[in-house]
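**Student:** here is my input, please return the structure:
(chains A, B, C and D)
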Number of protein chains: 2
Amino acid sequence: MATLKDVANLACVDVSTVSRALNNTSYVHPDTKERILKAVKELSYHPNIIAKSLKQGKRHTIGVVIPRLSLTVFAVIAQTIEEEARKNGYATLICNTEDDPKIEKECLNRLRSGFVDGIIIAGTGKNNRLIRDIHSTGIAITQIVRRQDPGLNSVTVNYEKCGYEATKYLYNLGCREIGLINGPMNIAPYKERYNGYSKAINELGINETTASSKIPVHSLEYGYECAIELLDKSENLDGIMAAVDAQAIGAMRALKDNNISVPDDIHLLSLTGDRIGKMLETSMTSFEMPVSDIGINAAKTIIEEIENTTTEKSKPKNIVFLSKLVKRESS
Amino acid sequence: MATLKDVANLACVDVSTVSRALNNTSYVHPDTKERILKAVKELSYHPNIIAKSLKQGKRHTIGVVIPRLSLTVFAVIAQTIEEEARKNGYATLICNTEDDPKIEKECLNRLRSGFVDGIIIAGTGKNNRLIRDIHSTGIAITQIVRRQDPGLNSVTVNYEKCGYEATKYLYNLGCREIGLINGPMNIAPYKERYNGYSKAINELGINETTASSKIPVHSLEYGYECAIELLDKSENLDGIMAAVDAQAIGAMRALKDNNISVPDDIHLLSLTGDRIGKMLETSMTSFEMPVSDIGINAAKTIIEEIENTTTEKSKPKNIVFLSKLVKRESS
DNA sequence: CTGAAAGCGCTTACAG
DNA sequence: CTGAAAGCGCTTACAG
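**Tutor:** Below you'll find the predicted structure:
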């Protein structure tokens, strides 16, 4: 790899001049510049961003810490973040935690060590202190999807409203035994969806039935198992709400395996819809999550915090989107 | 952010001693070490990896360049690479190209600038020269899924065999008009699958019918549109092979919208199965791709190349996995 | 318009 | 066992 020095030697100027010419940071005589550019070509010189970063104290890199990519809403979000970041000259470093607090801790500790200027995270909620600590060190933080710490920027969805409205929607379709497939309650969105569900259940005076499992919450199998659990728990189950699409797909299959027809016997819906719903054989009624908006806003928010050099820390920015109910065949 | 120097000052030793103590790179007197460790704690010092990288000439970072995450096999592969890399002390930088050669070029140029020690890529095939150039610069390259350049390491699947066997399999089920939903032929796997399909078609003496579209090849809509196209082209269509799962799911929906029953009227299968198949309402017969193996092997291969300091370049390593046919309900 | 020098935060021979 | 010095590849005041 050719370095600045090589270019300087070949062009018979000082490295500082090369630097200035290449960064357009001050006027350089056209002739000199031309010589430099020629040398750059000849050596196929590519500046070393690492060295630049070290000097400038900025890495132009954003860390993204999420539980999982496959079959989750995070795949599109991560992709959108990456695209938006790239447009602004930032690279994106992705870490999958599988919602294991230990892995999360490991990832965060790596990222803090000069890798990134900011971290976008959908966290487990178990490393809030560490995250605060990292933030106090000058690294920007934005929470996505899961707002585990109200003191930090976040881009989320109004999950409670989803849970509430979904329950009422199913009730209005005639459902009287509505089960909720949910995830760990220490993770904000699951807690909030449950709150909305529970509130509606109470208002409607019907029974609450929930299911959860130990296996990865974003898996098809999770939905399958929980659907079976709900069927066990509730004799006359006639409605199922799944927290996320993967669960809803698994639940659909579980119902089919038990010769239960959707929506005739049981109405089914997903609280986190993300494009696949409309293409399923029995298309899925879902609260469609504005995934692109979340990704773009997360990227913008974090870049803003990174580039905002005024030392005053403004109060945290919490952007909340609304999911929209899209009625399809499953309920 | 505290630096080495701060720690050295507080512990009353030279920075070099701190460095040695922290890296266990030579014996340091226990008392000294203790003082240093105490200082590290007190200042909550975290070494700056960037500076370390600059000095050591290694970044311990791998770039992953893929077309898309959402609803593709690349989501699991990227995740597996990240996990395997993390275990070996490497971070993972992800770039989505959407199969746009321009974006790909941009990503590659960024990555080459000191960001990474190696690049794992599922490329468009349009930047082979650039990739060669980057490789000659000392950056390791491993191709995954798509082997666009035989001169570089790769981890792939035997797509031709899949295409061939799938066709024969459908024929044996009684299909006589088998359509192929495929992608751009300049991307190796699509070409190879087509070759296998075509070979079988010729051997069997039946007609060839293929469909493709301009929209993103990894979308549900692609499958939907192409299925319609096949129905148009072939009166008695009785078999459909889709290159990837997302397409197969879209195709299934298209058939349903046309009141065509799977598998009674048309047999359907996916040539790139990845976990979702078994959970679909009509579970999908697929050639299951060994995604974890691909991810793990890609990570291992690239780390090996990175850490192999012997200057001799060994000849390229091409790892080829076989997809296994898993029979389910769709055919 | 351009050079010489200092420095970003580390590591690593070289002495002692 | 530890210090002093040089250097990784760049940028940026400071002079001139």
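
**Student:** make it CA atoms for all contacts and neighbour counts henceforth
**Tutor:** OK.

**Student:** what ranges does the stretch 201-331 of chain A have for its helices?
**Tutor:** Using DSSP state H, counting those that start in this stretch, the helices of the stretch 201-331 of chain A run over A:220-233, A:245-257, A:291-307.

**Student:** which of these has the highest mean neighbour count?
**Tutor:** helix A:245-257 (a mean of 25; mean count of other Cα atoms under 10 Å in any protein chain shown).

**Student:** just want the angle from that one to helix A:220-233.
**Tutor:** Between the axes of helix A:245-257 and helix A:220-233, defined by axes from the mean of the first three to the mean of the last three Cα atoms, to 10 degrees, the angle is 50 degrees.

**Student:** show the average pLDDT along helix A:245-257.
**Tutor:** Here helix A:245-257 scores 98 as its mean pLDDT.

**Student:** which neighbouring elements make contact with the strand or helix carrying A:Glu34?
**Tutor:** Counting by DSSP states H and E, the element that carries A:Glu34 is helix A:30-43. When contacts are defined as 3 or more Cα pairs under 8 Å, 6 or more residues apart in numbering or on different chains; DSSP states H and E, helix A:30-43 sits against helix A:4-11, helix A:15-23.

**Student:** tell me if it is near DNA strand D.
**Tutor:** No. Contact of helix A:30-43 with DNA strand D (Cα under 7 Å from any atom of the strand) is absent, the minimum separation being 10.7 Å.

**Student:** for whichever helix or strand comes after that helix, buried residues please.
**Tutor:** Sequence-wise, the next helix or strand downstream of helix A:30-43 (DSSP H and E) is helix A:49-56. The neighbour-count check on helix A:49-56 (16 or more other Cα atoms under 10 Å in any protein chain shown) flags A:Ile49, A:Ile50, A:Ala51, A:Ser53, A:Leu54 as buried.

**Student:** coming back round to it: right, so of the helices of the stretch 201-331 of chain A, which gets closest to DNA strand C?
**Tutor:** Closest approach to DNA strand C among those is made by helix A:291-307 (16.6 Å; Cα to the nearest atom of the strand).

**Student:** what about DNA strand C: which of the buried residues of helix A:49-56 touch it?
**Tutor:** Answer for the buried residues of helix A:49-56 near DNA strand C (Cα under 7 Å from any atom of the strand): A:Ala51, A:Leu54.

**Student:** of all the buried residues of helix A:49-56, which two lie farthest apart?
**Tutor:** For the buried residues of helix A:49-56, the farthest-apart pair by Cα to Cα is A:Ile49 and A:Leu54; their separation is 8.5 Å.

**Student:** nearest to DNA strand D: which residue in the stretch 151-300 of chain A?
**Tutor:** In the stretch 151-300 of chain A, the residue that lies nearest DNA strand D is A:Lys300 (23.0 Å; Cα to the nearest atom of the strand).

**Student:** how close does that residue get to B:Val116?
**Tutor:** 25 Å (Cα to Cα, to the nearest Å).

**Student:** hmm, stretch A:322-331 touching chain B?
**Tutor:** No. Stretch A:322-331 lies apart from chain B when judged by Cα under 8 Å from any Cα of the partner chain; the minimum separation is 12.1 Å.

**Student:** give me the contact list for that stretch.
**Tutor:** Outside stretch A:322-331, the residues that touch it by Cα atoms under 8 Å, 6 or more residues apart in numbering or on different chains are A:157-158, A:162, A:170, A:173, A:262-263, A:267-269, A:278, A:282-290.

**Student:** relative to DNA strand D, how far out is the residue of chain A found nearest chain B?
**Tutor:** Relative to chain B, the nearest point of chain A is A:Leu93 (4.5 Å; Cα to the nearest Cα). Look at A:Leu93 and DNA strand D: by Cα to the nearest atom of the strand, to the nearest Å, they are 22 Å apart.

**Student:** figure out how far the helix or strand containing that residue is from the centre of its chain.
**Tutor:** Using DSSP H and E, A:Leu93 sits in strand A:91-96. Its chain's C-alpha centre and that of strand A:91-96 lie 11 Å apart, by Cα atoms, centre = their mean, to the nearest Å.

**Student:** which elements pack onto that strand?
**Tutor:** Contact analysis of strand A:91-96 by 3+ Cα pairs under 8 Å, 6+ apart lists strand A:61-66, helix A:73-87, helix B:73-87, strand B:91-96 as its packing neighbours.

**Student:** adding mean neighbour count, distance to A:Ala242 and mean pLDDT, write the ones you listed out as a markdown table.
**Tutor:** Shown next, in a markdown table, are the helices and strands packed on strand A:91-96 (neighbours: other Cα atoms under 10 Å in any protein chain shown; distance: least, Cα to Cα, whole Å; pLDDT from 0 to 100):
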| stretch | mean neighbour count | distance to A:Ala242 | mean pLDDT |
| --- | --- | --- | --- |
| strand A:61-66 | 26 | 20 | 94 |
| helix A:73-87 | 23 | 14 | 93 |
| helix B:73-87 | 23 | 22 | 93 |
| strand B:91-96 | 26 | 30 | 87 |
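
**Student:** if we can go back for a sec, just put the helices of the stretch 201-331 of chain A in a markdown table and tack on distance to A:Thr72.
**Tutor:** Shown next, in a markdown table, are the helices of the stretch 201-331 of chain A (distance: least, Cα to Cα, whole Å):
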| stretch | distance to A:Thr72 |
| --- | --- |
| helix A:220-233 | 10 |
| helix A:245-257 | 7 |
| helix A:291-307 | 11 |
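
**Student:** out of these, which gets nearest to A:Ala122?
**Tutor:** It's helix A:291-307; of the helices of the stretch 201-331 of chain A, that one is closest to A:Ala122 (Cα to Cα) at 11.0 Å.

**Student:** residues in contact with A:Thr167?
**Tutor:** A:Ile178, A:Tyr197, A:Ala200, A:Ile201, A:Met241.

**Student:** list the helices and strands the helix or strand encompassing the second one packs on?
**Tutor:** Here A:Tyr197 sits within helix A:188-204, counting by DSSP H and E. Helices and strands touching helix A:188-204, as assessed by 3+ Cα pairs under 8 Å, 6+ apart, comprise helix A:159-172.

**Student:** helices or strands up against the next helix or strand after the helix it packs on?
**Tutor:** Note on helix A:159-172: by DSSP H and E, the next helix or strand toward the C-terminus is strand A:178-181. Contact analysis of strand A:178-181 by 3+ Cα pairs under 8 Å, 6+ apart lists strand A:209-211, helix A:220-233, strand A:239-242 as its packing neighbours.

**Student:** need those in JSON lines with mean pLDDT, can you?
**Tutor:** Output for the helices and strands packed on strand A:178-181, formatted as JSON lines (pLDDT from 0 to 100):
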{"stretch": "strand A:209-211", "mean pLDDT": "98"}
{"stretch": "helix A:220-233", "mean pLDDT": "98"}
{"stretch": "strand A:239-242", "mean pLDDT": "98"}
